[in-house]
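# quick one: sequence plus predicted model below, questions after.
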Amino acid sequence: MKCTLSLLLLGVPLLSTPVLTQESRLVVVISIDQFRYDYLTRFNHALSKGGFAYLLENGANFTNAHYEHGETSTGPGHAVLLSGTYADRNGIVQNNWYDRQKKRSVYCMEDETATIIGAEGEGRSPALFVGSTFGDELRIGTGFQAKVVSISFKDRAAIPMGGKFANAAYWLVDSSFASSSYYMSELPEWVEEFNSSGIVRSYLGRTWRKALPEHYYRGLSPDDAPYERDDHGLGRAFPHPIRGNDPPGMTASYYEALRISPFGNELLFAFAREALLHERLGQRTTADLLCIGFSSYDYAGHTFGPHSHEVLDLTVRTDSLLAELLAFLDAHVGLARCVIVLSSDHGVAPFPEYLLAERADADAGRISVASVQTICETALNNRFGTDKSMEPIIERVQGRNIHLDLDVLAERGLSPAVVAQTLADSLLAREEIAYAFTFTRLLSESPESSLERRIRNSFYPRRSGHVVFGLKPFYLLDSKGTGHGSPYAYDAHVPLILLGPGIRPGRYATKASPADIAPTLSALLGVEFPAQHTGRVLREALAAEPGMSQGGSTR
């Protein structure tokens, strides 16, 4: 399959109107949740020629693509992918953050004015996202004739990729794909038919077995490692029954087991095919956008870790699905009319216990949120004489953010800046803590290092803590499983592959970021850049220099 059909009139001014041509076309953005770049290299021996390998051989592969923010998690990562901005501009600082006005934790996609369509649950929308996405600008630039459809298991993946003007965002709620009243008043007939088809129930009682002979799994962590999680009736070792905890049935535990398994990705792929066909994406008079967020890696990675038999097996099966997707696009749209983007929202840390099993003195481990709070309270008591009879100075520790109670500080005549610095100093005295930045430093000083710049990129004053801290590499702020959320390479280094007309194939070692995807797509299709983008146009991968006379800079 050769992508030979030109998608744009190269050399014309950026914002002329190349989005309206005689040939329809489709942009497909594939985000694989918790997919580290090194899965493409470590597992290369097990991959076919039609999936990942096809993209690597025929596309532009940016081998040095890192997120330039500190909070590498699902909501913030997907908010970057098609906005070209980080949380300092788009406001999605965490999956959940503490709202000091509401005095409670806020979910990144919550919306009390919206309702779930097609299922039960709390309202969801992009209301808390600030700015625009590539899809928004594509819709605006075509007089809202272009279609933007975004799907995932997670609302915090589907919604931020789709943007504020998407035609639809869908995510899985128990056994049904659902949406929000923000997008629609009722589900389309094809979605209702998919939900009533019984496909979600069809995996009950299936077994996840290894797809390859045993020798492919050598050199990985033990299949029954004691630090792996045994959740939802799956067990720690192959084969994994998909039934949920006893008694088996259509329960919340079964739905979680399905999400963890590769069958979750199969289900999402089946839904994506229906979306493409019924919405006629890529078969109309404008460019369309389809966003697909595969989520099973994240669930499996937290459970089994990045060096597990399960993650290798999931990669092999996803490779096959990707080959099917490319063939499906070629059959129904024409691959020569498609621009394909593959990336991820974040990576994942190895289990500390995996490293400690190799060397008992390895610099790795875990620290609990409770111990962090104890460190901070002890420091405050020593410095300011607090005791249990007083209202606490710390209002909330949410993830790696410490929020101060400003009313209490005012009553006691304490400076927020001084208190924050006291907390930062106390944390830095702990061996496991690598950094602790106060709000005054993040607001007023130029970053002194790339690490500080990344933390600043995740800092949004009204939503971030008064102190933002982080652990040393290979330490986790968790008590079970493994996780992500750090600025380190194992969490930040992800694939960034572009394929299609106007893209120059090759292997590029230049520094890049997922924040570069949106402005590159805008330049390629002649669409206005997202409103606050900071990412650059990946010029080196464009087959010809797009006109820049009306669209601003490439940075």
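Arrived safely, thanks for sending. Numbering: from 1, shown residues only.
# every contact and neighbour count from this point should use C-alpha atoms.
Will do.
# which parts of the stretch 151-300 of the chain are strands?
Taking DSSP state E, counting those that start in this stretch to define them, one finds strands in the stretch 151-300 of the chain at 168-173, 176-180, 207-208, 240-241, 287-294.
# which elements pack onto the fourth one?
Contact analysis of strand 240-241 by 3 or more CA pairs under 8 Å, 6 or more residues apart in numbering; DSSP states H and E lists strand 207-208 as its packing neighbours.
# quick revisit: show me the one of the strands of the stretch 151-300 of the chain that comes nearest residue 83.
Within the strands of the stretch 151-300 of the chain, the stretch nearest residue 83 is strand 287-294; the backing value is 13.2 Å (CA to CA).
# report the buried residues of that closest one.
Buried residues in strand 287-294, defined by neighbour count with 16 or more other CA atoms under 10 Å: 287, 288, 289, 290, 291, 292, 293, 294.
# so what's the last one up against?
Each residue near residue 294 by CA atoms under 8 Å, 6 or more residues apart in numbering is listed here: 30, 31, 32, 33, 152, 153, 265, 268.
# try the second one
The contact partners of residue 288, taken as CA under 8 Å, 6+ apart, are 25, 26, 27, 146, 147, 148, 281, 282.
# next step: the residues you listed restricted to strands.
Mapping the contacts of residue 288 onto strands (DSSP state E) picks out 25, 26, 27, 148.
# any idea which helix or strand carries residue 383?
helix 369-384 (DSSP states H and E).
# which other residues reach that helix?
By CA under 8 Å, 6+ apart, the residues outside helix 369-384 that reach it are 386, 387, 394, 397, 399, 419, 422, 423, 426, 427, 477, 478.
# in that helix, what counts as buried?
Buried residues in helix 369-384, counted by 16+ other CA under 10 Å: 369, 372, 373, 375, 376, 377, 379, 380.
# repeat that for stretch 445-459.
For stretch 445-459, by 16+ other CA under 10 Å, it's 451, 452, 453, 454, 455, 456, 457, 458, 459.
# pretty sure the last one sits against residue 94.
Which is residue 459. No - applying CA atoms under 8 Å as the test, residue 459 and residue 94 come out as separate, 9.9 Å apart.
# for the residue sitting nearest the centre point of the chain, which non-adjacent residue is closest in space?
Centroid check for the chain by CA atoms, centre = their mean gives residue 345 as the closest residue, at 2.7 Å. In space, and not counting its chain neighbours, residue 345 is closest to residue 77: 4.3 Å by CA to CA, 6 or more residues apart in numbering.
# got the angle for the one helix or strand the one you found maps to vs strand 287-294?
Using DSSP H and E, residue 77 sits within helix 74-81. In terms of direction (axes from the mean of the first three to the mean of the last three CA atoms, to 10 degrees), helix 74-81 departs from strand 287-294 by 150 degrees.
# give the other helices and strands that helix 74-81 contacts.
Judged by 3+ CA pairs under 8 Å, 6+ apart, the packing partners of helix 74-81 are helix 87-90, helix 155-162.
# now the helices for the stretch 401-550 of the chain?
406-412, 416-428, 439-444, 450-457, 489-492, 517-525 (DSSP state H, counting those that start in this stretch).
# what's the closest of these to residue 130?
helix 450-457 (14.3 Å).
# which elements pack onto that closest one?
Packed next to helix 450-457, using 3+ CA pairs under 8 Å, 6+ apart, are helix 87-90.
# beyond the helix it packs on, next helix or strand please.
strand 96-99.
# quick one: name whatever helix or strand follows that following strand.
As assigned by DSSP H and E, the chain's next helix or strand after strand 96-99 is strand 104-107.
# name the residues that touch stretch 204-217?
By CA under 8 Å, 6+ apart, the list of residues contacting stretch 204-217 from outside reads 46, 238-243, 249-250, 254, 261-262, 309, 312-313, 316-317.
# list buried residues within those.
Here, 16+ other CA under 10 Å leaves 240-243, 249, 254, 261-262, 309, 312-313, 316-317 buried among the contacts of stretch 204-217.
# which single one of these is nearest to residue 360?
Nearest to residue 360 out of these is residue 309 (CA to CA; 23.0 Å).
# same list (the contacts of helix 369-384) but as a markdown table, adding distance to residue 69 and neighbour count.
Compiled in a markdown table, the contacts of helix 369-384 are given as follows (distance: CA to CA, whole Å; neighbours: other CA atoms under 10 Å):
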| residue | distance to residue 69 | neighbour count |
| --- | --- | --- |
| 386 | 35 | 16 |
| 387 | 37 | 13 |
| 394 | 25 | 21 |
| 397 | 20 | 19 |
| 399 | 15 | 20 |
| 419 | 25 | 22 |
| 422 | 25 | 18 |
| 423 | 22 | 26 |
| 426 | 24 | 19 |
| 427 | 21 | 24 |
| 477 | 18 | 21 |
| 478 | 20 | 15 |
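# pull the CA atoms of stretch 322-330 into CSV?
Provided in CSV are the C-alpha atoms of stretch 322-330 (Å, rounded to 0.1, in the frame of the first residue of the first chain):
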residue,chain,number,x,y,z
LEU,A,322,-3.6,-2.3,13.9
ALA,A,323,-3.0,-4.3,10.8
GLU,A,324,-6.7,-5.0,10.5
LEU,A,325,-7.5,-1.3,11.0
LEU,A,326,-5.1,-0.3,8.3
ALA,A,327,-6.6,-2.8,5.9
PHE,A,328,-10.1,-1.7,6.9
LEU,A,329,-9.3,1.9,6.2
ASP,A,330,-7.7,1.0,2.8
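# does residue 80 really touch residue 86, like I thought?
Yes - here residue 80 reaches residue 86: they are 5.6 Å apart, a contact under CA under 8 Å.
# rewinding a little: wait, which of the strands of the stretch 151-300 of the chain is closest to residue 445?
Across the strands of the stretch 151-300 of the chain, residue 445 has its closest neighbour in strand 287-294 (36.7 Å, CA to CA).
# let me see the mean pLDDT of that closest one.
The average pLDDT within strand 287-294 is 98.
# separation between the residue nearest to residue 167 when sequence neighbours are not counted and residue 165?
Leaving aside its chain neighbours, residue 167 sits nearest to residue 148 (5.4 Å; criterion: CA to CA, 6+ apart). The gap separating residue 148 from residue 165 is 8 Å, by CA to CA, to the nearest Å.
# do the same with residue 417
Distance from residue 417 to residue 165, by CA to CA: 40 Å.
# have a look at those two and say which one is more surrounded.
When residue 417 and residue 165 are compared for neighbours, residue 165 comes out ahead with 20 against 15, by other CA atoms under 10 Å.
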